[in-house]
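Enquirer: Attaching a predicted model along with its sequence, questions to come.
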Amino acid sequence: MEERYVLVTGAYGGLGRAVVEALIEKGYAVFASDISIDETLQDERLMPIHLDVTNDRSIFKAYQLISEYTDSLYAIINLAGIFYLDSIVEGEEDKLRRIIDVNFFGAYKMNKAFMPFFEVGKSRIINAVSEISCYSPQPFMGYYAISKKMLDTYNDVLRRELNYIGIKVVKINAGSFNTGLLTKANDEYEKLVENTEVYKDQLTKLKFMMDRELNKSHDPKQFAKVVMKVLNKKNPKICYNVNRSFSLKFISALPEKWQDRIYKKYIK
């Protein structure tokens, strides 16, 4: 079989590492890019690349490095992302700009920069969106929801444009996984409770709901299996859902006013 090169962003995070390990196991040559490199993950089929997806110069350096090995990518898998939990009215504007820069523009910049590497009728782009992009936004999840809904819309437009030239675009809407995001969510919550002047009572009650959802997290290897399914199928689906929350799905199916009442009643 001809060599198949795959570029992964966020390769050393919880989901990224699981994906990279699955790719190596299946014989792919992997460009594992991230803002920090884990030297414990080594393999002859692995090329670690220090990459900041928000920095044009960093992306160009990665482009040049990859060009030394190949002029063709079988896939790019966009997993780089960050998480903030904050109030949309009390939070810092810089945090909103930062999360959009990473979660949305990171994928946008990478896909655009590496377009010359994609082969018509063969290459594919996988964007890790989030289950939250499918639901009505929750209180205090605004920053994250905005960035992921932007990525979701971008993904659909990109898919329809690249459909004309035979490049497949697939999104994965994922629920909670056992990654560093769990620790990050708790840290963000503690900071939010400490800094808020308006929502201390509501946030105290929200913690129970947040913990209940996060405790349902799953093994990142399950996410990696979905990625491998996308890569191995000749005609993958346009969207894959994995480990989505039944509670969030149920609430989002209700009329918006009902949702408002539920959030106000149980988080007040």
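Expert: Nice, thanks for sending it over. Residues are numbered from 1 along each chain as shown.

Enquirer: With only the CA atoms kept, save the longest helix belonging to the chain in PDB.
Expert: Longest helix in the chain, counting residues (DSSP state H): helix 142-162. The C-alpha trace of helix 142-162 is given here as PDB (Å, rounded to 0.1, in the frame of the first residue of the first chain):
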ATOM      1  CA  GLY A 142     -21.100  30.900  25.900                       C
ATOM      2  CA  TYR A 143     -17.400  31.300  25.000                       C
ATOM      3  CA  TYR A 144     -17.000  27.700  24.100                       C
ATOM      4  CA  ALA A 145     -20.400  27.400  22.400                       C
ATOM      5  CA  ILE A 146     -19.800  30.400  20.200                       C
ATOM      6  CA  SER A 147     -16.400  29.100  19.000                       C
ATOM      7  CA  LYS A 148     -17.700  25.600  18.300                       C
ATOM      8  CA  LYS A 149     -20.900  26.800  16.500                       C
ATOM      9  CA  MET A 150     -18.600  29.000  14.300                       C
ATOM     10  CA  LEU A 151     -16.600  25.900  13.600                       C
ATOM     11  CA  ASP A 152     -19.700  23.900  12.900                       C
ATOM     12  CA  THR A 153     -21.000  26.400  10.300                       C
ATOM     13  CA  TYR A 154     -17.600  26.700   8.700                       C
ATOM     14  CA  ASN A 155     -17.300  22.900   8.400                       C
ATOM     15  CA  ASP A 156     -20.600  22.700   6.500                       C
ATOM     16  CA  VAL A 157     -19.800  25.500   4.100                       C
ATOM     17  CA  LEU A 158     -16.300  24.000   3.500                       C
ATOM     18  CA  ARG A 159     -17.800  20.600   2.800                       C
ATOM     19  CA  ARG A 160     -20.200  22.000   0.200                       C
ATOM     20  CA  GLU A 161     -17.500  24.000  -1.500                       C
ATOM     21  CA  LEU A 162     -15.000  21.100  -1.600                       C
END
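
Enquirer: Could you give the separation of that helix from the chain centroid?
Expert: Remark: helix 142-162 is offset 11 Å from the chain centroid, using Cα atoms, centre = their mean, to the nearest Å.

Enquirer: and what of stretch 31-41?
Expert: For stretch 31-41, the distance to the chain centre is 17 Å (Cα atoms, centre = their mean).

Enquirer: At the geometric centre of this protein, which residue do we find?
Expert: Among the residues of the chain, Ala128 comes closest to the average C-alpha position under Cα atoms, centre = their mean, at 3.9 Å.

Enquirer: distance of that one from Lys191?
Expert: 25 Å (Cβ to Cβ, to the nearest Å). In this view, the C-beta of every residue, glycine as well, is placed from N, C-alpha and C.

Enquirer: Find the residue ranges of the stretch 1-150 of the chain scoring beneath the pLDDT cut-off.
Expert: 1-2 (pLDDT under 70).

Enquirer: Then the stretch 151-268 of the chain?
Expert: For the stretch 151-268 of the chain, the stretches flagged by pLDDT under 70 are 181-183, 210-217, 268.

Enquirer: show me where it has strands.
Expert: For the stretch 151-268 of the chain, the strands defined by DSSP state E, counting those that start in this stretch occupy 168-174, 239-242.

Enquirer: do the stretch 1-150 of the chain as well
Expert: Under DSSP E, counting those that start in this stretch, the stretch 1-150 of the chain gives strands at 5-9, 29-34, 46-50, 75-78, 124-128.

Enquirer: State the number of residues packed around Asn235.
Expert: 6 (other Cβ atoms under 10 Å).

Enquirer: How about the contacts made by Lys109?
Expert: 53-54, 56, 59 (Cβ atoms under 8 Å, 6 or more residues apart in numbering).

Enquirer: Pull out the buried members of these.
Expert: Using 16 or more other Cβ atoms under 10 Å as the burial test, those include 53-54, 59 as buried.

Enquirer: What distance do you get for the closest residue to Arg98 other than its chain neighbours to Val53?
Expert: In space, and not counting its chain neighbours, Arg98 is closest to Ile82: 7.2 Å by Cβ to Cβ, 6 or more residues apart in numbering. Look at Ile82 and Val53: by Cβ to Cβ, they are 10 Å apart.
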